[in-house]
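Novice: Predicted model, plus sequence, below.
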Amino acid sequence: MNMLGGEFMDIKEIKQEDISIFKISGRLDSNTSPGFEEKILEAVEAGSYKMIIDFEDIEYISSAGLRVLNKTTKQLKHSEGRLILCSMQDYVREVFEIAGFDSFLPIVTTLDEALAEF
Amino acid sequence: MSEAKVSFECKNSLSELDKLHRNIEELGKTLRLSKKDIFQITLAMEEVFSNVVSHGYTDKAEHIITIRIWHQNGTLTVRIEDDGIPFNPSEAGTPDLQCPLEERQIGGLGCHLMRCIMDDVAYKRIGDKNVLTMKKTIGAAQT
């Protein structure tokens, strides 16, 4: 388990050629999001610019998690990179819609679709 | 669906969110709430709670935030009481969701989510306390 995120969130980074896939499980709340932010921005700084976040095992996200995604998208713009989200539960996706985040973050159904975007 | 109520206290620390999650999950089991209902109620509560913890206090002292949740006639009510500075999340500004990403101001997003997810949000300042009451109509139990 990721120590920064506490025991309720875990992040795994998988590299597939030049694409970074983040598999996150658990909750992205005000408590765990700082750990998530540190990990993902570290990857951007290390040069990752094609990123996928797999939401399959994310059971919960709050505005704290959304803020990290907003910040990551802004950072990636500097390197002309892209962030694609996939495999979201319907009720998680609904939060992205209420927040208006679906207007700038591509959300696709499966990981394969996300990979095909690059 | 049965009637149920729960009441608990949290300190003004984000680490207390785990307690919040635990309490709603237990209530969710008792009431056989859908995952979506549990998710949305937790989300509304976290947004209010994290606002209070992050912006509600001007001192560094420990404070107690009291949370009561009860279910009656198909409506779930959540009442959050804190002794922080006066703040009415039911009137906090809505972020401009249409503006370009670079200019987007992210503050206010939590309050916006909370208001969209809950069916009714009412705020009162009683003495030195903020009292926020949120209501949500709960659908039939799903699996």
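Specialist: Done, it's in.
Novice: mind checking how far whichever strand or helix holds residue A:71 is from the chain centre?
Specialist: Secondary structure from DSSP states H and E places residue A:71 in helix A:63-78. Relative to the centre of its chain, helix A:63-78 is centred 9 Å away, using CA atoms, centre = their mean, to the nearest Å.
Novice: Which positions within that helix qualify as buried?
Specialist: Of the residues in helix A:63-78, those buried by neighbour count under the rule 16 or more other CB atoms under 10 Å in any protein chain shown are A:63-70, A:72-73, A:75-76. Yep, even glycine has a C-beta here, placed from its N, CA and C like the rest.
Novice: near chain B, from these?
Specialist: The overlap between the buried residues of helix A:63-78 and the neighbours of chain B (CB under 8 Å from any CB of the partner chain) comes to A:63-64, A:66-67, A:70, A:73.
Novice: Which other helices and strands does the helix holding residue A:71 contact?
Specialist: Here helix A:63-78 touches strand A:19-28, helix A:33-45, strand A:50-61, strand A:82-86, helix A:90-99, helix B:109-117, going by 3 or more CB pairs under 8 Å, 6 or more residues apart in numbering or on different chains; DSSP states H and E.
Novice: can I get the ones you listed in TSV with mean pLDDT and mean neighbour count?
Specialist: As requested, the helices and strands packed on helix A:63-78 are exported to TSV (pLDDT from 0 to 100; neighbours: other CB atoms under 10 Å in any protein chain shown):
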stretch	mean pLDDT	mean neighbour count
strand A:19-28	96	21
helix A:33-45	94	18
strand A:50-61	96	21
strand A:82-86	97	21
helix A:90-99	96	18
helix B:109-117	93	22
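Novice: can I get these in JSON lines with distance to residue B:89?
Specialist: Shown next, in JSON lines, are the helices and strands packed on helix A:63-78 (distance: least, CB to CB, whole Å):
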{"stretch": "strand A:19-28", "distance to residue B:89": "21"}
{"stretch": "helix A:33-45", "distance to residue B:89": "20"}
{"stretch": "strand A:50-61", "distance to residue B:89": "19"}
{"stretch": "strand A:82-86", "distance to residue B:89": "27"}
{"stretch": "helix A:90-99", "distance to residue B:89": "15"}
{"stretch": "helix B:109-117", "distance to residue B:89": "5"}
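Novice: closest to residue B:41 out of those?
Specialist: helix B:109-117 (8.0 Å; CB to CB).
Novice: Show me what the mean pLDDT comes to for the top helix by length along chain B.
Specialist: In chain B, assigned by DSSP state H, the helix with the most residues is helix B:35-55. Helix B:35-55 shows a mean pLDDT of 95.
Novice: if you look at that helix, does any of it touch chain A?
Specialist: Yes. For helix B:35-55, a contact with chain A is found by CB under 8 Å from any CB, at B:35-36, B:39-40, B:42-43, B:46-47, B:50, B:53-54.
Novice: Filter those down to the buried ones and hand me the ChimeraX line.
Specialist: Selection of buried members from the residues of helix B:35-55 next to chain A for ChimeraX, criterion 16+ other CB under 10 Å:
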select /B:39,40,42,43,46,47,50,53
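Novice: OK, contacts around the residue most central in space within chain B?
Specialist: Note on chain B: the residue nearest the mean C-alpha position is residue B:45, at 2.1 Å, using CA atoms, centre = their mean. Contacts for residue B:45 (CB atoms under 8 Å, 6 or more residues apart in numbering or on different chains) come out as B:20, B:24, B:67, B:78, B:80, B:134.
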